[in-house]
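generate coordinates for the sequence data below:
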Amino acid sequence: MPKELTFLPPYLNAVTQKGERSQCFAVFFLQIVLKILIEVGFLKRVTAFYISEIYDPSTIEAVKVLQVKLGLTDNDVDGNFGPATRLKLMEEGIGLNLGDISLASMTGTMVWVDADGQKQVWPPPFVDESSDPSAKA
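Next up, the predicted model:
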C-alpha cells in the first residue's frame, strides 16, 4: 500500500527539465507561510514576493533566503522546499511540521516537481482498466 500523501508533497521544486513548475494549493500555502515570515521580519532580504500558486522566481528567491536564514549549507541552498529545509524550519524556525498535514481531506488537483525533476500529479490520472487490452489476460 502506498504511503498516504500529505498536504505538501515531498518536494516543491522550481522547474523540471521540461520547464514545468510546481503549481498547486500546496505552493499557495507555502507562499502564505513565506509571506508571513517576511511580514513579521523573520525573512529580511526578500525584495519582491508574489503569491501566485506557481513556484515562480520570487518563491525560489524567498526559499533561498529562508534556507540561508536557517543555516543550511551551500549545497542545500537551492530554492527547493524539500526535506532539509522543512526539517530546519521545524527545528529552528516556526516549530511547525508542514509534512504532518494530511491530504486525505483536501480536494482539487496538485501538480509538483519531485526530487528527480519529474512532474507528478495527484490524484493520479484515472486509468480505465476495462478498456485496456493488456489488462485482459
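
neighbours of Lys35, how many?
Close neighbours of Lys35, defined as other CB atoms under 10 Å, add up to 16. Every C-beta, even on glycine, is put in place using the N, C-alpha and C of the backbone.

and it, what is it in contact with?
Shown here is Lys35, whose contacts under the criterion CB atoms under 8 Å, 6 or more residues apart in numbering are Phe49, Ile51.

repeat that for 10 Å
When the contact criterion is CB atoms under 10 Å, 6 or more residues apart in numbering, the partners of Lys35 are Leu43, Val46, Phe49, Tyr50, Ile51, Ala62.

mind telling me what element it is part of?
Assigning secondary structure by DSSP states H and E places Lys35 in helix 25-39.

mean confidence for that helix?
Per-residue pLDDT values across helix 25-39 average out to 85.

ok, stretch 60-70 next?
For stretch 60-70, mean pLDDT is 92.

which parts of that stretch are buried?
By neighbour count, and taking 16 or more other CB atoms under 10 Å as the criterion, the buried residues in stretch 60-70 are Ile60, Glu61, Ala62, Val63, Lys64, Val65, Leu66, Gln67, Lys69, Leu70.

now the fourth one. Nearest residue, chain neighbours left out?
On the basis of CB to CB, 6 or more residues apart in numbering, the spatially nearest residue to Val63 that is not a chain neighbour turns out to be Gly79, at 4.9 Å.

what's near enough to touch the one you found?
When contacts are counted by CB under 10 Å, 6+ apart, Gly79 touches 13-15, 55, 57, 59-67, 85.

sorry, back to before: CA atoms only: put the helix holding Lys35 into CSV for me.
In CSV, the C-alpha atoms belonging to helix 25-39 read as follows (Å, rounded to 0.1, in the frame of the first residue of the first chain):
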residue,chain,number,x,y,z
PHE,A,25,-2.6,24.8,-3.4
ALA,A,26,0.5,23.4,-1.6
VAL,A,27,2.6,26.1,-3.3
PHE,A,28,0.0,28.7,-2.4
PHE,A,29,0.2,27.5,1.2
LEU,A,30,4.0,27.7,1.2
GLN,A,31,3.8,31.2,-0.3
ILE,A,32,1.4,32.3,2.5
VAL,A,33,3.9,30.9,5.1
LEU,A,34,6.8,32.7,3.4
LYS,A,35,4.7,36.0,3.2
ILE,A,36,4.0,35.7,6.9
LEU,A,37,7.7,35.1,7.7
ILE,A,38,8.6,38.2,5.5
GLU,A,39,5.9,40.4,7.2
